[in-house]
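Colleague: no letters, just coordinates:
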């Protein structure tokens, strides 16, 4: 099954209590596509500026990512500058320069339109709808979002939900969207809005899948050092979509398995700034950590 | 295998955002003993005052708890008054009246001394040591503690650790005791202090077992309403000890299984104030929820 991923490509400046990375490759579509590329070929859609390093494009292409949909717009690439608090979970945004991202108008290349799996990474819901309307034979659409859109583009986001097979969002976003503090209630209220399944991303506490009749908890891999959490949620989504693409069927079990592969990819990603760790690992290491996940929760 | 549980018996006044309970039965030894009593006979050691309702004693005895070690001291029973914040996780203590608990001097009845499983619930480490010195043929000693003792009786607590098979503490306490923010590092540093295994209790995020060569994560059961979290950690410990007592061997697998039964007991307990929910349930319901826990993390 082919995978379409649409979202942002960014140059990130990241500060943590112990380090700093300057204008490194980031963005939701980048992290998700790179994570998914270990499993399957990816069709990527995003916008970059004229200043975007051709080396980054070659890196993505080298992973088997189709960059036909990675369009260069006049102007500069989207930039984000953030700083993590000592808990390495909370962060403050110091600067955002939307640049070309402000004009992003995702038009799918013809050969992308039959993608069977679609991941709408975190962009304005209106653009997510625009992409959803261009795909023709999708079997599964997953979508991420953020507090900003829940606040400023709620109606569009809510109108998108009935088209989705899966909404991914973090705990605070689930509370904001649903109006419920209790996460199980929040997830069930979101299901009532029309999306088939919800994954609540809980960072170092893992991810919880809530469907109409079940709950599944995928733990986060215990790490003795987190270098940079940026992109963890997108790597989770990328690993999730990648594993689904390898699966013969999309069913309850393959979705759970895909979540664990998503957790594997997120756990590797946070071991370095930007994509440095993902540049080092191979599929054998991914499978090895997947086996460790089995042991992590096994009790019978 | 017989179980000895030593700790506090209290009359709790608990405020939550939606309710309040006045002078209800509580205390670490109470919660742990009641939870364990579903699985096995318990030898309980604690102090109460002359004002303690004989009905409570009869309730405990009715559960098969041996109350020979539940001694009445001159004066009033220990009282705690706390208030939960809207997140139902953090709480502030509004009032503590130690009363008889100030003079608590745990002396084990002769027939308690051969208890094979011992749970030292949260009391001063000096008293925990005093109990550990009175038991004769223990196979497994587990111990809980709190921030107050880490702060004020650190040397005694640290001297107790090499006697222990298991230390249970929450995430903040693990950070405080170890000096590490990262929980895996914290747990490993605590293992270095001589305890064989560590369980970090993470409330609504479950519990993590760290041994020399493994990590196990027992999730918390997803509930759509938490009425009162008081005693959850002690019910976890009680269910854990109870299931261990039913096990033929104490090994890596039986410890994991016992943690899940601990999580089952904690999840039932938070569904009401005081012990109201535990008064309603039976072993069939415990086994049924244990089966749900299997489904909660199963992905292969």
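Modeller: Everything's here; your move. Bear in mind the structure is a predicted one, so any value in this text is a computation, not a measurement.

Colleague: just want the most central residue of chain A.
Modeller: Closest residue to the average C-alpha location of chain A: residue A:234 at 2.4 Å, with CA atoms, centre = their mean.

Colleague: wait, that one sits on residue A:35?
Modeller: Yes: counting by CB atoms under 8 Å, residue A:35 is a contact partner of residue A:234 at 7.2 Å. C-beta coordinates here come from the backbone N, C-alpha and C atoms, glycine included.

Colleague: so what sits against both of those two?
Modeller: Common neighbours of residue A:234 and residue A:35 are not found (criterion: CB atoms under 8 Å, 6 or more residues apart in numbering or on different chains).

Colleague: before we move on, the earlier item: element containing the residue nearest to the centre of chain A, please.
Modeller: Using DSSP states H and E, residue A:234 sits in helix A:232-246.

Colleague: any part of that helix near chain B?
Modeller: No: using CB under 8 Å from any CB of the partner chain, helix A:232-246 stays clear of chain B, coming no nearer than 10.9 Å.

Colleague: in that helix, what counts as buried?
Modeller: A:232-245 (16 or more other CB atoms under 10 Å in any protein chain shown).

Colleague: residue A:217 bridge partners, please.
Modeller: residue A:208 (DSSP bridges).

Colleague: before we move on, what about residue A:26?
Modeller: Here residue A:26 shows beta-bridge partners residue A:10, assigned using DSSP bridges.

Colleague: count of neighbours near it?
Modeller: Neighbours of residue A:26 under the rule other CB atoms under 10 Å in any protein chain shown: 27.

Colleague: now do the SS call for residue A:96.
Modeller: At residue A:96 the chain is in strand, as set by DSSP: H, G, I helix; E, B strand; the rest coil.

Colleague: around chain B, pick out the residues from chain A.
Modeller: Along chain A, the residues adjacent to chain B under the rule CB under 8 Å from any CB are A:86-87, A:181-185, A:188, A:202, A:205-206, A:208, A:210, A:214-219, A:222-226, A:253, A:256-257, A:259-260, A:294-300.

Colleague: just the buried residues of the residues you listed.
Modeller: A:182-185, A:188, A:202, A:205-206, A:208, A:210, A:215-219, A:222-223, A:226, A:256-257, A:259-260, A:296-297, A:299.

Colleague: so which of these are in strands?
Modeller: Judged by DSSP state E, strands contain the following of these: A:208, A:210, A:215-218.

Colleague: what about the helices in the stretch 51-200 of chain A?
Modeller: Per DSSP state H, counting those that start in this stretch, the stretch 51-200 of chain A carries helices over the ranges A:54-62, A:125-132, A:147-152, A:154-160, A:171-178, A:183-192.

Colleague: name the residues that touch the shortest one?
Modeller: If I follow you right, that is helix A:147-152. With CB under 8 Å, 6+ apart as the contact definition, helix A:147-152 has outside contacts at A:122, A:124-125, A:156-157, A:172-173, A:176-177.

Colleague: make CSV out of these and add pLDDT and neighbour count.
Modeller: Compiled in CSV, the contacts of helix A:147-152 are given as follows (pLDDT from 0 to 100; neighbours: other CB atoms under 10 Å in any protein chain shown):
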residue, pLDDT, neighbour count
A:122, 96, 24
A:124, 96, 18
A:125, 98, 24
A:156, 98, 15
A:157, 98, 24
A:172, 96, 13
A:173, 97, 23
A:176, 98, 18
A:177, 98, 24
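
Colleague: can you name the residue of the stretch 51-200 of chain A nearest to chain B?
Modeller: The stretch 51-200 of chain A approaches chain B most closely through residue A:184 (4.5 Å), counting by CB to the nearest CB.

Colleague: which residues touch that residue?
Modeller: For residue A:184, the contact set (CB under 8 Å, 6+ apart) comprises A:210, A:215, B:222-224.

Colleague: mind doing that once more with 7 Å?
Modeller: A:210, B:222-224 (CB atoms under 7 Å, 6 or more residues apart in numbering or on different chains).

Colleague: and these, which two are furthest apart?
Modeller: Based on CB to CB, the longest span within these runs between A:210 and B:223 and measures 12.8 Å.

Colleague: now do the contacts for residue A:260.
Modeller: Contacts for residue A:260 (CB under 7 Å, 6+ apart) come out as A:218, A:290, A:293, B:299.

Colleague: need those residues in CSV with pLDDT and distance to residue B:96, can you?
Modeller: Shown next, in CSV, are the contacts of residue A:260 (pLDDT from 0 to 100; distance: CB to CB, whole Å):
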residue, pLDDT, distance to residue B:96
A:218, 97, 40
A:290, 98, 48
A:293, 97, 42
B:299, 96, 44
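
Colleague: and stretch A:13-33, end to end?
Modeller: 20 Å (CA to CA, to the nearest Å).

Colleague: now do the helix of greatest length in chain A against helix A:232-246, angle only.
Modeller: Longest helix of chain A, by residue count under DSSP state H: helix A:252-269. Angle between the axes of helix A:252-269 and helix A:232-246 is 140 degrees (criterion: axes from the mean of the first three to the mean of the last three CA atoms, to 10 degrees).

Colleague: from the chain's centroid, how far away is helix A:252-269?
Modeller: Relative to its parent chain, helix A:252-269 has a centroid offset of 12 Å by CA atoms, centre = their mean, to the nearest Å.

Colleague: pLDDT on it, on average?
Modeller: Mean per-residue pLDDT for helix A:252-269: 98.

Colleague: ok, then the element right after it?
Modeller: For helix A:252-269, the succeeding helix or strand toward the C-terminus, using DSSP H and E, is helix A:276-280.

Colleague: show me what that following helix is packed against.
Modeller: Contacts defined by 3 or more CB pairs under 7 Å, 6 or more residues apart in numbering or on different chains; DSSP states H and E place helix A:276-280 against helix A:252-269.

Colleague: buried stuff in the helix it packs on?
Modeller: Residues A:254-269 are the ones in helix A:252-269 that count as buried (16+ other CB under 10 Å).

Colleague: check stretch A:8-22 too.
Modeller: Across stretch A:8-22, burial judged by 16+ other CB under 10 Å covers A:8-16, A:21.

Colleague: quick check: end-to-end length of it?
Modeller: 18 Å.

Colleague: can you tell me what sits against that stretch?
Modeller: With CB under 7 Å, 6+ apart as the contact definition, stretch A:8-22 has outside contacts at A:23-30, A:46, A:48, A:77-84, A:86, A:88, A:101, A:121, A:123, A:227-228, A:230, A:273-274.

Colleague: got the end-to-end distance for stretch A:114-122?
Modeller: 21 Å.

Colleague: actually stretch A:59-74, not the one I wrote
Modeller: 22 Å.

Colleague: that older thread, farthest-separated two in the ones in strands among the buried ones among the residues of chain A next to chain B?
Modeller: Once CB to CB is applied, those give A:210 and A:218 as the farthest pair, at 12.2 Å.

Colleague: now for the two: what residues contact both?
Modeller: By CB under 7 Å, 6+ apart, no residue touches both residue A:210 and residue A:218.

Colleague: centre of the chain versus stretch A:64-75, how much separation?
Modeller: The chain centre lies 18 Å from the centre of stretch A:64-75; the measure is CA atoms, centre = their mean.

Colleague: also stretch A:181-188?
Modeller: That offset, for stretch A:181-188, works out to 21 Å (CA atoms, centre = their mean).

Colleague: and it, what's its mean pLDDT?
Modeller: For stretch A:181-188, mean pLDDT is 97.
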